[in-house]
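*Asks:* with the input below, show me the fold.
(one chain, ligands or ions: 1)
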Amino acid sequence: MTNTALKIIPETSTVPAEGYRVLARKYRPIKLSEVIGQDFLVETLRRGIEGNRLGHAFILTGIRGTGKTTTARIIARSLNCENGPTPEPCGVCGSCTSISQDHALDVIEIDAASRTGIDDIREIIEASRYKAVAARYKIYIIDEVHMLSKSAFNALLKTLEEPPAHVKFIFATTEIHKVPATILSRCVRFDLKRIESATLTDYFQELCEKESVTYEEEAIRLIAKAAEGSVRDGLSLLDQAITYGSSNVTTAQVREMLGLSDQGALLDLFHVMMEGNIKEVLEKLRQLYQEGAEGLRVLEELLDLTHWVQCLKISPELAQDIEITAEKRQKGLELAASLSLPTLTRVWQILLKGFEEMKRAPCPQKALEVLVIRLTHLAPLPSLAELLEGGVESSLEKKKS
Ligand SMILES: [Zn+2]
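*Replies:* Numbers count the residues shown, from 1 in each chain. Reported below is the predicted structural model:
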């Protein structure tokens with residue numbers, strides 16, 4: 001279940017108007033008080049920085065777009081601000097500005113996705129022995145740290161065990177379970193949460209007002225919902241909506257722009273389909289069309305969904321993936337519990353067959369309706385195995401109850 005909102009937006013709409021600075025850059029928080037939706041993290045960091053009780057290594061984890069590297073830079077600024085250490089770095093001193101402009105000599109940012117080897121880490125360790133050039137601390141920010149090789153982690157571990165007093169490490173990762181426990185035990189861990197859609201809505205409205213962009217509240221709510229907890233995704237959608245609507249963000253445009261991104265609506269569709277409720281299935285389907293969904297996209301999404309539910313059926317722990325919202329997780333697990341594997345396999349087969357049929361159909365939307373009706377009929381029927389196992393009557397009985 002990927003973030004479909006981003007996949008389907010035409011690339012042309014991402015070209016910003018002349019002189020327009022993308023919101024994510026323009027409003028990137030530079031101090032803790034500007035971070036949204038991470039109250040616990042902000043409070044803990046604030047106390048740590050004020051009391052000078054921060055350790056020498058931190059690890060920030062959370063889904064993409066929740067602000068890990070932004071927070072890492074805020075920590076770097078807080079520690080190295082000429083008027084600090086302070087949770088509210090001034091933003092104007094030499095140290096603060098050099099961090100913002102990516103040329104701070106003592107704040108070294110490394111993307112572990114491209115520098116995974118032992119030699120890269122050796123270089124860092126070697127350099128870390130020398131004092132900071134201009135600032136208080138020498139700070140290493142290692143993004144996607146889970147990508148480091150085993151030998152690189154081992155080398156790093158030695159430095160983490162006895163770090164020079166002037167060195168701080170800030171690690172960021174989307175996959176904390178891939179970071180060795182020996183490293184984790186030497187870091188203070190901060191979990192960045194998925195940001196609630198109400199918080200995002202408020203924030204986006206505030207930005208629209210600052211940018212003198214007119215908007216319909218419903219449009220902003222839709223963007224916040226499609227962002228699925230990621231500020232970055234939300235801001236890039238908002239950027240597109242602003243460019244698309246020439247500084248007037250309307251609900252109709254946003255719906256058109258997002259197309260089919262509402263996973264909740266799809267899960268509902270899948271659910272009523274499996275309950276065999278034809279009338280409701282068709283209503284839901286038509287509603288999706290009205291919101292701009294395309295037939296083939298709906299089918300693709302239903303295939304994805306079937307596969308996901310099947311995976312959940314086999315390994316329910318997959319639902320713990322932090323990329324999945326609580327609501328989606330709940331609905332997915334319910335579906336997995338109520339449907340048998342043979343049923344799910346049949347749903348998959350019918351959908352796949354329908355895919356080919358739809359491509360040839362003169363009216364794909366009607367073809368999809370017919371296909372969905374077929375699935376609605378199929379779902380409440382017992383599988384062949386169930387028939388053999390318990391006899392027709394008891395199987396049908398089971399389905400009814
Ligand atoms: Zn400063």
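
*Asks:* so whichever residue of the stretch 151-300 of the chain sits closest to the ion, which of the three states?
*Replies:* For the stretch 151-300 of the chain, the residue closest to the ion is residue 168, as judged by C-beta to the ion, at 16.3 Å. Heads up, the C-betas are built off the backbone N, CA and C, glycines and all. Recorded secondary structure, residue 168: strand (DSSP: H, G, I helix; E, B strand; the rest coil).

*Asks:* next up, the contacts around it.
*Replies:* Listed by C-beta atoms under 8 Å, 6 or more residues apart in numbering, the contact set of residue 168 reads 54, 56, 57, 58, 75, 76, 79, 137, 138, 139, 140.

*Asks:* for residue 124, pull up the helix or strand it's in.
*Replies:* helix 118-128 (DSSP states H and E).

*Asks:* can you point out the buried residues in that helix?
*Replies:* 118, 120, 121, 124, 128 (16 or more other C-beta atoms under 10 Å).

*Asks:* show me which of those is closest to the ion.
*Replies:* residue 128 (23.0 Å).

*Asks:* what sits against the closest one?
*Replies:* With C-beta under 8 Å, 6+ apart, residue 128 has these contacts: 138, 140, 159, 163, 164, 167.

*Asks:* quick one: the helices in the stretch 151-300 of the chain?
*Replies:* Along the stretch 151-300 of the chain, counting by DSSP state H, counting those that start in this stretch, helices occupy 181-184, 197-210, 217-226, 231-244, 251-258, 263-275, 278-290, 295-314.

*Asks:* which stretch among those helices is buried most, on average?
*Replies:* Ranked by mean neighbour count under mean count of other C-beta atoms under 10 Å, those are led by helix 231-244, which reaches a mean of 23.

*Asks:* tilt between it and helix 251-258?
*Replies:* With axes from the mean of the first three to the mean of the last three C-alpha atoms, to 10 degrees defining the directions, helix 231-244 sits at 120 degrees from helix 251-258.

*Asks:* so where does residue 59 fall, helix or strand?
*Replies:* Counting by DSSP H and E, residue 59 is part of strand 57-61.

*Asks:* avg pLDDT for that strand?
*Replies:* For strand 57-61, mean pLDDT rounds to 93.

*Asks:* go on, stretch 370-383?
*Replies:* Rounded mean pLDDT across stretch 370-383 is 72.

*Asks:* cool, stretch 222-239 as well?
*Replies:* 89.

*Asks:* and it, end to end?
*Replies:* 14 Å (C-alpha to C-alpha, to the nearest Å).

*Asks:* next one: that stretch to chain centre, how far?
*Replies:* In terms of C-alpha atoms, centre = their mean, to the nearest Å, the centre of stretch 222-239 is found 10 Å from the chain centre.

*Asks:* what does stretch 90-98 give?
*Replies:* Centre-to-centre, stretch 90-98 and its host chain are 31 Å apart (C-alpha atoms, centre = their mean).

*Asks:* what ranges do the strands span in the stretch 51-200 of the chain?
*Replies:* For the stretch 51-200 of the chain, the strands defined by DSSP state E, counting those that start in this stretch cover 57-61, 107-111, 138-143, 167-173, 188-191.

*Asks:* pairing partners for the last one, with directions?
*Replies:* Strand 188-191 has the following sheet partners, assigned by DSSP bridges: strand 57-61 (parallel).

*Asks:* just the angle between the partner strand and strand 167-173, please?
*Replies:* Interaxial angle of strand 57-61 relative to strand 167-173 (the same axes, to 10 degrees): 20 degrees.

*Asks:* thanks again, I'm all set now.
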